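Asks: sequence plus predicted model, see below.
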Amino acid sequence: EDQVTQSPEALRLQEGESSSLNCSYTVSGLRGLFWYRQDPGKGPEFLFTLYSAGEEKEKERLKATLTKKESFLHITAPKPEDSATYLCAVQELETSGSRLTFGEGTQLTVNP
Amino acid sequence: DAGITQSPRHKVTETGTPVTLRCHQTENHRYMYWYRQDPGHGLRLIHYSYGVKDTDKGEVSDGYSVSRSKTEDFLLTLESATSSQTSVYFCAISDFHKGYTFGSGTRLTVV
């Protein structure tokens, strides 16, 4: 059974204070790992897809990396508008119906 | 992005009443999903569909049924709502590169 664990559950940062969020996963064969951002009262919005160990993707202050067992979402010099819940999800190679398995998320708060 | 809309956005209902939530997509995506999101549990799959009249159960399907009579519409029904079904419900469609595209959610309160 696929498992996805995110840590920490919640993270408070000061504006400009860089940090990383972790997503560890157990899957028999990984097709893709996905990062999403979710604002209160809204559906998750896509950030990144990573397919293989060693891959990195960047967008503004965010960089996602992938190893064989975990992924990190690095946030460099965050701003208050980066406050949100960040979700990661995995898709197994042989999954029925292209289903994703989600972690519980990390709630990030960036104080000005 | 594919258009995906959920209705209603908010609903309050009484215990024991039937409730139907609707998900509508404007493009021809084959796979559609219903998730519920609760604190401490994250997103959990209720049911999914891989085509018209083709559906399957997810990890938390008890008390829920679904129907898909047209490609664009995926309905989630709570036959007899219970307080444990108070949650935020998200519909999603499969996207090859993005995993899923989500709707805006339906906040359901069962009193």
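Replies: Thanks, I have it.

Asks: kindly report the residues of chain B close to chain A.
Replies: B:31, B:33, B:40-43, B:45, B:48, B:50, B:56, B:58, B:90, B:92, B:94-95, B:97-105 (Cβ under 8 Å from any Cβ of the partner chain). In short, each C-beta sits where N, CA and C put it, glycine included.

Asks: among these, which are in strands?
Replies: B:33, B:42-43, B:45, B:48, B:50, B:56, B:90, B:92, B:94-95, B:99-102 (DSSP state E).

Asks: and the two most separated of the residues you listed?
Replies: The largest separation in those, counting by Cβ to Cβ, is between B:Gly42 and B:Tyr50 at 23.0 Å.

Asks: the more surrounded of the two?
Replies: It is B:Gly42, of B:Gly42 and B:Tyr50, that has more neighbours when counted by other Cβ atoms under 10 Å in any protein chain shown, with 19 against 15.

Asks: not counting sequence-adjacent ones, nearest residue to that one?
Replies: Residue nearest to B:Gly42 in three dimensions, not counting chain neighbours: A:Glu104, with 3.8 Å by Cβ to Cβ, 6 or more residues apart in numbering or on different chains.

Asks: any idea of the pLDDT on the one you found?
Replies: According to the prediction, A:Glu104 has pLDDT 95.

Asks: can you name the residue of chain A nearest to chain B?
Replies: In chain A, the residue found nearest to chain B is A:Gly43; the distance is 3.4 Å by Cβ to the nearest Cβ.

Asks: that residue contacts B:Phe90, doesn't it?
Replies: Yes. Counting by Cβ atoms under 8 Å, A:Gly43 touches B:Phe90, with 5.6 Å between them.

Asks: which neighbours do the two share?
Replies: Taking Cβ atoms under 8 Å, 6 or more residues apart in numbering or on different chains as the contact rule, A:Gly43 and B:Phe90 both touch B:102-103, B:105.

Asks: quick one: which of the residues you listed is nearest chain A?
Replies: B:Phe102 (3.4 Å).

Asks: chain A against chain B: which residues are in contact?
Replies: Counting by Cβ under 8 Å from any Cβ, chain A sits next to chain B at A:32, A:34, A:36, A:41-46, A:49, A:87, A:89, A:91, A:96-100, A:102-105.

Asks: the residues you listed in strands, which ones?
Replies: Those of the residues of chain A next to chain B lying in strands (DSSP E): A:32, A:34, A:36, A:45-46, A:49, A:87, A:89, A:91, A:102.

Asks: how close does the spatially closest residue to B:Ser104 that is not a sequence neighbour get to B:Leu43?
Replies: Nearest non-adjacent residue to B:Ser104, counting by Cβ to Cβ, 6+ apart: A:Gly43, 5.2 Å away. From A:Gly43 across to B:Leu43, the span is 10 Å (Cβ to Cβ, to the nearest Å).
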